[in-house]
Each structure stands twice: as structure tokens, then as C-alpha cells.
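[1] Show me the folded form of this:
(2 chains)
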Amino acid sequence: MNQEVKTTPLHAWHRDHGANMAIFGGYEMPLWYPTGARREHCTVLTHAGLFDTSHMACILIEGPAAYELLQHCFSKDLDACIGAKKTPLEDGRCAYGIFLNEEGETIDDAIVYRLHREQYMVIVNAGMGGTIAGHLAAHRGNRESTVTDLTDRIGKIDIQGPLAGTILKKVIQRPETVFDRMPYFSFKGHFDARSPLAEAVRLNDGTPLLLSRTGYTGEFGFEIFLDPAHLVALWETIMDRGETAGLVACGLAARDSLRAGAVLPLSHQDIGPWPFLNNPWPFALPYAPDRTGFTKAFIGAEALLHIADPEYTHAYAGFDLRKVSTHDTAVVVDSDGVEIGTVLTCATDMGIDRVDDRIFSITSPDKPDSFKPRGLCCGFIKVRKELPNGTVVQLRDNKRSVKVMITDDIRPDRTARRALKDMVDDG
Amino acid sequence: MKEINELILPEDVRYADDHEWARPANGVVRIGISDYAQDQLGDIVFVELPEVGDNYDKGQEFGTIESVKVVSEMYMPISGEIMAVNEKLEETPELINEDPYNEGWIVEVKPGDTSELDALMTKETYLSMLEGEA
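    The predicted model follows:
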């Protein structure tokens, strides 16, 4: 395995702007800028933040049976994944799911984008392009399709936060047309200038983009895919045009605390080489209405239906901001003092706090007067028994013990699913 | 991340291997963490302080400092009795990031053995240690 540390095209920009850098997924990436992770986190809640996510990997699946290959390998039922009515995946829509092995264990999570009937873009985590491309190719069988690992050949940046659309509007051509009918988990355009889809979204200088209403913060925003040759120019343009709206560059620390508060899993940490079952993300599995089976056959399905004593993954929120360290194993201790599992993620959502029995966010419309959150520790635990919401457990590392409560939601009043028309100024 | 030449390293404090500083004045010694340490930790969100009156040996853990990234221990650069703690840090721990040598001081001790101060590093020695780590 090649252990050489990789960089994204924005590496020099990060260094020049004083970022504290660290290795993540084989890439040297910014943890935070001089702004500081707390302000970066809170700015995404109140204004907008820009993230370099070019370390993530992109795979293209093309051909007459590309759809069938994905149906076989991906946990989401692409015939029934859009909206409450569970309609099929259409052109311009995308879906979140998991690539499982035959044992029902997570190889990686992904978003699958349908560009057209015979072309799909699959976004997986840093360093996973080769693994997932290999997995797909190995299970191709007679399904006529090609799998291309585009790792490091696609640039990606995310603009996240309530002002993301207002800022983006300044840098793209015909924003009204682009933003018209663009619900959560839809996209327009293409990163490849040769695609007829590339006409749909262009920067003011003509550069084509694939613009997706998705993200990893729980907040309103977009993920932007483009030719890496144009990545730095786009980043600088957005930073420049976003300045008056309060836009800040954000590092991986803010990305991690934002996603933890939004109850989103980090692959290889919250989901990994254990059965993908009894966790806060059942929507990634194609459960039949009666929940006893799945609506399709796919790799890992049989195993998941026959796991003898599965563990339970629960989200939790603490009572103050103190964390436990998961570098060495941190354990979960129940009210009888019995160790019942391990801590997967422990981060601090710095935009929230408890007031009496409720969690408020700095963006909660009904927050108490003079609400000044110090943050709450939050994340995920994996335990041997099911814990109802409201159960209090202790998380313990080699230094401290922290009391937390099991919950199904953490940061309230998130904006990711808001209607786009309500989030973009008409001016 | 600050470049080494951007670090603030005052001449009037002594430095310990674990990046604490100590500044004697009026019979007591103020202790905090260096600009390098706060820059490495990132935003400091919580500080666990000792009790006034507690006695510590040199090198003993006297509290923890929690940043967005990590929970770290703080070690006594010299032995002594805690005479005061910076209570402002309970509400505004970010003072350590903003002003690590003044407003962001952490504890004040009555030294057990003043010669321990002389054994700590000068700015020049500390700087060359940091350059060695870089």
C-alpha cells in the first residue's frame, strides 16, 4: 500500500492561510484555520462555511447494466428511494447508502448520483476509490458496465450554511434557473465539459460544475464537483464573493463536530467492519413496509436478516462540553456500573447547549434570551443492549467519566432540508 | 499553524518540556501554557483547575485543558502550593488562546524550591527544542 501523504490542489492555499494541518484518509488536510474550529462551526450554523473535500473519491459507473450493478452492490433500493412515496432514482437525483460485504458489514458509505440511465457517479470516502471500484468490478458478473476510479481527478468543495445559496448565486450563470426545483438530494450540471449536462450549471467564467444539494454538516448547502484544474480559482472566487456574507474557510474539525451534531456517521468510525444494523441510519437499508425483510436482494442483505445477537449503535448528547478521548478505547458504563460497549465518536457541537430539559441551538428561533451555548459533547456509542431514548450512561476513558443521554437527535433546527426558495435572497 | 518565527516567546518566563511556562513575581510563580502549545491545541473550550491550597511536585499533573481536538494534561513545571487559580478561565477558556502569557495565565504557586526555576529552559533553549521538533 502506498503510504505517501497526498494533498489536494488547495494544499498551498491552506498552508498560506495558516491552517493547522493533519493527515486524514491519507491526505494532509486543514483541521482549522486561524479563525478557530469553534467559530468555523458556529459560522456554518449562522452564515456559511467553505470546505475543501477533494480528498473524497469519485467513481463513475457506466453502461447498459450500470443500474443493475448498483442495485446488486448498494444498500439503497434505487427503485424506491425518492421522497415519502419512495419513487425510483431519476436523472438529477442522488441517494445515500452503504456498500456492504457478504457478511453485512460496512465497506464504505456513499452517495450515488444518477447522471443518466447509463451513467452514475458514486462518491465515497478518502482513499476508498480503489477499494469500492474493485468491489464493484468484482461483482459485475455479466452486468454490462464499466467502473472507473476517478480518485484525484475530480475537485470537490462544499459550501454549507444558511447563506450558501445567496453566496453561490453571485458566482454562477443564471442562478434563478439553476436554483429552480432543486430539492435536498438533487443535483444539476456535470464536471465534464464534454457532457451535454454541463450546460446546466456554469460559473460566470464558463467553467462547468456539478452542483449537488447535499452535504455533511446537517445545514443547508451544496457540494460542488469540478475539474481540479479550476478548483483553486473557484475556491478563491467564492471566498472573495462570500466575504460580505460572513463566509469562512472551515477545516475538518468543524466538519466533524457539525456532522456529529447532525447525527451523521463517519465511515470507518461509526460504521465499519461490523453488521450495518440497529443504528441511527436505517434509511440506508431497503426495509419492506413490515420491516421483516428488504424490497430487493443485494450484497449483505441475507447476512443482515440472520444476525444472531447484533450490537446497537446509539446517538447521545452530554450535559456539558467535556469529551472523552477515543484514541484509546473509551467504554460505555450503564447505571449498574457494567461495561456495555465502546464509544465510536465523541465530539463537541459548539453551537448547542441544554436549558432545563431541552437542547437549543444558536439558531433556534425560540431560544431563551441571552442564550450563549458552551457546547455539548455528542456522538455515537456501540453497545450490547438496546438503550431507549433518555437512558443515561457514563462514557469513560483513562482520564475521566462523562455522563451522557441516549437520544435520536442532537442539534435542533438544522437547515439541510429547508426549501431552497426560502434560503436565497431574491435581490 | 504558526510558523516557529511567528510564535510569541517572551524573555521574562521560563519554559518546560511539556510547554508550560513559569514567571516569578513578588514571591509567587505564575504558570500557563506557551503560545506553541495553545496553537497546537486549537480552540480551548474547557480547563479543569486545581484547588487553592493543593500541593504538587514538579512534573505532577495539576489539571487538564480541553480543546476542540483533544484533552491534555498540564504538568507542574516546578513544585509548590497553589495560591490562586485564574477563575476567568471557567467562563472564558479562550483567554489562553488569545493571550497565553497574561490574561490566559492558569495557576499561581508558592514555589517549594526556587532552584527548580533555574532548571527550566530560557527562550533560546525552548526555541531550539521547538526547532528540533519541527
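[2] okay, now the nearest residue to residue A:22 once chain neighbours are set aside: neighbour count?
    Spatial nearest neighbour of residue A:22, excluding adjacent residues (Cβ to Cβ, 6 or more residues apart in numbering or on different chains): residue A:31 at 4.9 Å. Every residue, glycine included, has its C-beta placed from N, CA and C. Neighbours of residue A:31 under the rule other Cβ atoms under 10 Å in any protein chain shown: 21.
[3] Near chain A, which residues of chain B are found?
    B:1-2, B:39-40, B:42-43, B:45-46, B:64, B:66, B:68-71, B:73, B:94, B:97 (Cβ under 8 Å from any Cβ of the partner chain).
[4] can we see that at 10 Å?
    Applying Cβ under 10 Å from any Cβ of the partner chain, we find that chain B lies next to chain A at B:1-3, B:6, B:39-46, B:48, B:61, B:64, B:66-73, B:91, B:93-94, B:97.
[5] still on that earlier bit, quick check: phi and psi at the residue nearest to residue A:22.
    For residue A:31, the backbone dihedrals (degrees, to the nearest 10) come out as phi -80, psi -50.
[6] Quickly note the distance from it to residue B:40.
    Taking Cβ to Cβ, to the nearest Å as the measure, residue A:31 falls 10 Å from residue B:40.
[7] And the residue nearest to residue A:22, how close does it get to residue A:328?
    On the measure of Cβ to Cβ, residue A:31 and residue A:328 end up 20 Å apart.
[8] Could you find the closest non-adjacent residue to residue A:34?
    Nearest in space to residue A:34, with sequence neighbours left out and distances taken as Cβ to Cβ, 6+ apart, is residue A:18 at 4.5 Å.
[9] State whether that neighbour is indeed within a strand.
    No: Residue A:18 is assigned coil when assessed by DSSP: H, G, I helix; E, B strand; the rest coil, not a strand.
[10] count of residues packed around it?
    Using other Cβ under 10 Å, residue A:18 is surrounded by 16 other residues.
[11] Equivalent analysis for residue B:33, please.
    With other Cβ under 10 Å as criterion, residue B:33 counts 26.
[12] Overlap of the contact sets of residue A:31 and residue B:40?
    Counting by Cβ atoms under 10 Å, 6 or more residues apart in numbering or on different chains, the residues touching both residue A:31 and residue B:40 are A:20, B:1, B:69.
[13] which of those has the most neighbours?
    residue A:20 (22 neighbours).
[14] Next one: it from residue A:50, what distance?
    17 Å.
[15] who's residue 74 bridged to?
    Using chain A here. Counting by DSSP bridges, residue A:74 forms beta bridges with residue A:99.
[16] That was the other one, I meant chain B.
    Beta-bridge partners of residue B:74, counted by DSSP bridges, are residue B:63.
[17] Low-confidence stretches in the chain?
    With no chain named, the answer covers chain A. Where chain A drops to pLDDT under 70, the residues are A:1-3, A:426-427.
[18] Hmm, no, I was thinking of chain B.
    The model of chain B has pLDDT under 70 over residues B:134.
[19] mind checking the longest helix of it?
    Assignment by DSSP state H gives helix B:123-133 as the longest helix of chain B.
[20] Now it: buried residues?
    Using 16 or more other Cβ atoms under 10 Å in any protein chain shown as the burial criterion, the residues of helix B:123-133 that qualify are B:126-127, B:130.
[21] Show me how far it is from its chain's centre.
    Helix B:123-133 sits 16 Å away from the centroid of its parent chain (Cα atoms, centre = their mean, to the nearest Å).
[22] How about stretch A:117-126?
    With Cα atoms, centre = their mean as the basis, stretch A:117-126 stands 15 Å off its chain's centre.
[23] go on, stretch A:140-148?
    On Cα atoms, centre = their mean, the centre of stretch A:140-148 falls 27 Å from that of its chain.
[24] next one: stretch A:191-202
    Distance of stretch A:191-202 from the chain centroid (Cα atoms, centre = their mean) equals 24 Å.
[25] What residues of it count as buried?
    Judged by neighbour count (16+ other Cβ under 10 Å), stretch A:191-202 contains these buried residues: A:191-192, A:195, A:197-198, A:200-202.
[26] what does stretch A:354-366 give?
    Residues of stretch A:354-366 classed as buried: A:359-364 (neighbour count, 16+ other Cβ under 10 Å).
[27] So which of those residues sit within strands?
    Within the buried residues of stretch A:354-366, residues falling in strands by DSSP state E are A:359-361.
[28] Return the member of those residues nearest to residue A:241.
    Ranked by distance to residue A:241 (Cβ to Cβ), those are led by residue A:361 at 26.9 Å.
[29] still on that earlier bit, could you list the residues in contact with the longest helix of chain B?
    Contacts to helix B:123-133, defined as Cβ under 10 Å, 6+ apart, come from residues B:4-5, B:7, B:9-17, B:19, B:21, B:34, B:36, B:120-122.
[30] all helices of chain B, in order?
    With DSSP H, the ranges of helices along chain B come out as B:35-41, B:88-91, B:95-98, B:115-118, B:123-133.
[31] quick revisit: would you format the shared contacts of residue A:31 and residue B:40 as CSV with distance to residue A:349 included?
    Output for the shared contacts of residue A:31 and residue B:40, formatted as CSV (distance: Cβ to Cβ, whole Å):
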residue, distance to residue A:349
A:20, 20
B:1, 24
B:69, 15
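[32] Kindly indicate which of these lies nearest residue A:81.
    Nearest to residue A:81, judged by Cβ to Cβ, of these is residue B:69 at 36.7 Å.
[33] so what's that closest one up against?
    Neighbour list for residue B:69: A:20, A:22, A:31-32, A:37, A:253, A:256, A:323, B:40-45 [criterion: Cβ under 10 Å, 6+ apart].
[34] Tell me which residue in the stretch 151-300 of chain A sits closest to chain B.
    Per Cβ to the nearest Cβ, residue A:253 is where the stretch 151-300 of chain A lies closest to chain B, at 5.2 Å.
[35] Let me see the ranges of the strands in the stretch 151-300 of chain A.
    Ranges of strands in the stretch 151-300 of chain A, per DSSP state E, counting those that start in this stretch, are A:155-160, A:187-189, A:210-212, A:221-226, A:248-250.
[36] Now the residue located most distally from the centre of chain A: phi and psi?
    Note on chain A: the largest C-alpha distance from the chain mean falls to residue A:336, namely 35.4 Å (Cα atoms, centre = their mean). Phi and psi for residue A:336, reported as degrees, to the nearest 10, are phi -90, psi 0.
[37] Tell me the spacing between it and residue A:309.
    Note on residue A:336: its distance to residue A:309, by Cβ to Cβ, is 20 Å.
[38] Excluding chain neighbours, what is closest to residue 79?
    Picked chain A for this. Once flanking residues are discounted, residue A:79 sits nearest to residue A:88: 5.0 Å by Cβ to Cβ, 6+ apart.
[39] nope, chain B please
    Closest residue to residue B:79 apart from its sequence neighbours, by Cβ to Cβ, 6+ apart: residue B:112 at 3.8 Å.
[40] ok, now how distant is the residue nearest to residue B:20 when sequence neighbours are not counted from chain A?
    Sequence neighbours aside, residue B:77 is the residue nearest to residue B:20 in space, at 4.6 Å (criterion: Cβ to Cβ, 6+ apart). Noted for residue B:77: a distance of 20 Å to chain A, by Cβ to the nearest Cβ, to the nearest Å.
[41] Next, the contact list for residue B:77, please.
    Going by Cβ under 10 Å, 6+ apart, residue B:77 touches B:13-22, B:29, B:31-32, B:58-59, B:62, B:109, B:116-117, B:119-121.
[42] So which of those sit within strands?
    Going by DSSP E, the strands hold B:14-15, B:20-22, B:29, B:31-32, B:62, B:109 from the contacts of residue B:77.
[43] Going along the chain, name the helices of the stretch 251-400 of chain A.
    In the stretch 251-400 of chain A, the helices defined using DSSP state H, counting those that start in this stretch lie at A:252-261, A:301-305.
[44] I figured the residue of the stretch 151-300 of chain A closest to chain B was touching residue A:36, is that so?
    Yes: counting by Cβ atoms under 10 Å, residue A:36 is a contact partner of residue A:253 at 9.1 Å.
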